[in-house]
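Trainee: The following block contains a protein sequence and its predicted model.
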Amino acid sequence: MKHEFEINPATKIAYVSLNVFDLERSLEFYRSLLGFKVVGRQSGEKVRLSVDGNGGHLLELWQVGSKQGDLEFNFKTSAPVAPKRAGLYHFAILLPNRIFLADILSHLGEQRDGLYFEGMADHLVSESIYLRDPDFIGVEIYRDRPSSEWKWDGSRVQMATERLDAPRLMQDATREGWKEMPAHTAIGHVHLHVSELEKSVYYSQILGMNLTCEYPGANFFAANKYHHHIATNVWLGKGIAPASPGRVGLNQIGLELPSRQDFERTVFHLNRQNADMEQTNEEGVRSILAHDRDGIPIRLYCR
């Protein structure tokens, strides 16, 4: 279904900003275990991470441990408490090829006693490993199959959740093994808990993405013909509470537009739709902070 506004096909998820309880504990996971590098650190409460320690960041970590009374996590027992609140289901780190996925699977297999390892899946368009970080935030690490192998039925791409053939994947592992996040790693997509799937039409009607797949209890959206950049689900139940960006979990999603013209065109459209948004200026970069219909924050900008 065509809408009056379509976001530029080159739009991408540039970064994910996370609220964490203990910054040093989270750095141990993302830097020491997964292999990200620190780009910059501010006031001991905020750290940015990239694949090479330079350029644009992929992850941003904010320490909110001082707000422990607001958290929905039992830190005494390290047991997660289902938040029943709109927000992050998981964010997904896209690796450039299958060899790196095989190497990190081997690496994580050696570290399983020290992390929450959730499992693996074959989604037809991709192969994925699922983890939980120290705050029980969902982390997917995946590789895409070549887009020529994706099967489309009109505007809908075929996706599923099947067993990953891990032994076959491990045949691609190298002798050198996992060292660090490789060049060209990206944030491939973000998957969100929402209160109603009907509200997630925000991502097509307001942000102008394409609805690419409908799955039991979930919708998938993308710029251009990618399988998805944003997914939404009601697997926590319908009618859950709105997002609370001050809690451990998602702080915001960074959505990068390819040009100033596209940024201005998108802002104009959001204004016409009376979208919930405010202008911001972070480090000299003009941007807007929009909120979807569950209050989930999305920062739109261009470099």
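Mentor: Received the coordinates, thanks. Numbering: from 1, shown residues only.
Trainee: ranges for the helices of this protein?
Mentor: 23-27, 98-110, 166-170, 260-272 (DSSP state H).
Trainee: Report the contact partners of residue 58.
Mentor: By C-beta atoms under 8 Å, 6 or more residues apart in numbering, residue 58 lies in contact with 14-16, 36, 49-51, 93, 185-187. (Each C-beta comes from the backbone N, C-alpha and C, glycine too.)
Trainee: Any regions of this structure where pLDDT drops low?
Mentor: 1-3, 66-83, 113-114 (pLDDT under 70).
Trainee: Try it again at 90.
Mentor: 1-4, 40-45, 53-56, 65-84, 109-117, 244-247, 280-286, 303 (pLDDT under 90).
Trainee: and the gap between residue 296 and residue 221?
Mentor: Per C-beta to C-beta, to the nearest Å, residue 296 is found 13 Å from residue 221.
Trainee: Also residue 302?
Mentor: On the measure of C-beta to C-beta, residue 302 and residue 221 end up 20 Å apart.
Trainee: Between these two, point out the one with more neighbours.
Mentor: Between residue 302 and residue 221, counted using other C-beta atoms under 10 Å, residue 221 has the larger neighbour count: 24 against 20.
Trainee: hang on, isn't that one packed against residue 208?
Mentor: No: with contact defined as C-beta atoms under 8 Å, residue 221 does not reach residue 208; the gap is 9.6 Å.
Trainee: and which of the contacts of residue 58 is nearest to residue 253?
Mentor: Residue 253 lies nearest to residue 16 out of those, by C-beta to C-beta, at 6.1 Å.
Trainee: OK, contacts around the residue of the chain positioned farthest from its centre?
Mentor: Going by C-alpha atoms, centre = their mean, the residue of the chain most distant from its centre is residue 175, 30.0 Å out. Not one residue lies near residue 175 by C-beta under 8 Å, 6+ apart.
Trainee: For the contacts of residue 58, name the two members farthest from one another.
Mentor: Among the contacts of residue 58, 14 and 36 lie farthest apart (C-beta to C-beta), at 14.9 Å.
Trainee: Select, out of the helices of the chain, the one closest to residue 148.
Mentor: Nearest of these (C-beta to C-beta): helix 98-110, 15.0 Å.
Trainee: show me where the stretch 1-150 of the chain has strands.
Mentor: Assigned by DSSP state E, counting those that start in this stretch, the stretch 1-150 of the chain shows strands spanning 12-20, 37-42, 46-50, 59-63, 73-74, 79-80, 87-95, 116-122, 126-132, 138-144.
Trainee: any chance of these in CSV, with mean neighbour count too?
Mentor: Formatted as CSV, the strands of the stretch 1-150 of the chain follow (neighbours: other C-beta atoms under 10 Å):
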stretch, mean neighbour count
strand 12-20, 23
strand 37-42, 14
strand 46-50, 20
strand 59-63, 22
strand 73-74, 14
strand 79-80, 12
strand 87-95, 23
strand 116-122, 16
strand 126-132, 21
strand 138-144, 21
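Trainee: Tell me which of the ones you listed lies nearest to residue 192.
Mentor: strand 87-95 (5.9 Å).
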